[in-house]
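Asks: Test case, fold it:
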Amino acid sequence: MRTLFSCLVLAALALLGGCRSAAHRVATSPDTPPLRFLLTFDDGPSIRSAPNPTEQVLGTLARNPVQPGIKAIFFVQTRAANGGGTPQGRQLMQRELALGHVLGFHTATPGHSNHLSMSADVLGETLKTGLADHADLGVVPRVVRPPMWAYDDRTLGAYADAGLRALLTDVTANDGKLFPPYGSPRRKQHMKYQMELLRPRVLAGELPVVQGVIPVVVTFHDPNPFTAEHLAEYLQLLLNSARQQGLRVADRPFYGQDDDVEAIALARTVNAEDPVQHIPGFWQSLLRLKP
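Replies: Residues are numbered from 1 along each chain as shown. Predicted coordinates for the structure are as follows:
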């Protein structure tokens, strides 16, 4: 009798647990196109000694358990004193190109300078300098990532005059840490939060559909040693977090060698007539850009 009673109790508990799980489960939205993640990396390349973070990122993109051969956009700082402005930094940018990745414009100053704080003449000159740096590498960039996500109509106009269009992001790892500690102990909770913010935008049809999928722009920072070491985990975390929010993910969840990554990025760039976009999460509260 006791055995039967125990079985009934266990069955009831299992049923209750299943109901609770069902209550917290987000229903999948089959009517929305699937997502495909467009990975971007800011502030590189890094010239840290071995293990070099940028080299680690390149290795993981090429070889990982989720989808080998991922292609990304690297928004580089061509004049950074601790990166792109050095011989090692230039070699790494050339390697990124040789591996089929896209180089985007980030800065052409010794530091991470805010374009909003520059006069029109200074901004025009730094854009000219950066374009010349890219030309020396054998590439003409078409997308720019405004430093600190800060832009307005004036800077958008300067980008357009230079043949550039601004690409922001839908999801950010918030890993742009310049000093230790570099780790992200709450990365799972943070990615869940980012997907919670993304879900209503997907359901409302706010994101464009390109070649049958929704390109979701994701931002990391390749100079961050923690990101570089844990990138494979981040890739899986992106998939898990999206699916937990009931978002469909394409069978091939990331862009690869057969994709025109730059053209996909251009489909997601900022239009001058649109309101200023705010970056989800930490940056949304930190930066109060003009509406």
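Asks: quick one, strands of the stretch 1-150 of the chain?
Replies: According to DSSP state E, counting those that start in this stretch, the stretch 1-150 of the chain carries its strands in the segments 35-44, 73-77, 102-107, 143-144.
Asks: just those: most buried one?
Replies: Highest mean neighbour count of these: strand 73-77, a mean of 28 (counted as mean count of other C-beta atoms under 10 Å). (C-beta placed from N, C-alpha, C; glycine too.)
Asks: Could you check the angle that strand makes with strand 35-44?
Replies: 20 degrees (axes from the mean of the first three to the mean of the last three C-alpha atoms, to 10 degrees).
Asks: Note down every partner strand of strand 73-77 and its orientation.
Replies: Paired with strand 73-77 in the same sheet, following DSSP bridges, are strand 35-44 (parallel), strand 102-107 (parallel).
Asks: Quick one: distance of the shortest one to the chain centre.
Replies: Right, strand 102-107. Relative to its chain's centre, strand 102-107 lies at 13 Å (C-alpha atoms, centre = their mean, to the nearest Å).
Asks: In TSV: the strands of the stretch 1-150 of the chain, plus mean pLDDT and distance to Gln91.
Replies: Shown next, in TSV, are the strands of the stretch 1-150 of the chain (pLDDT from 0 to 100; distance: least, C-beta to C-beta, whole Å):
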stretch	mean pLDDT	distance to Gln91
strand 35-44	98	12
strand 73-77	98	12
strand 102-107	98	13
strand 143-144	98	22
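Asks: okay if I get the ones you listed as TSV plus distance to Val171?
Replies: Formatted as TSV, those follow (distance: least, C-beta to C-beta, whole Å):
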stretch	distance to Val171
strand 35-44	8
strand 73-77	14
strand 102-107	17
strand 143-144	17
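Asks: and of those, who's closest to Thr227?
Replies: strand 35-44 (8.5 Å; C-beta to C-beta).
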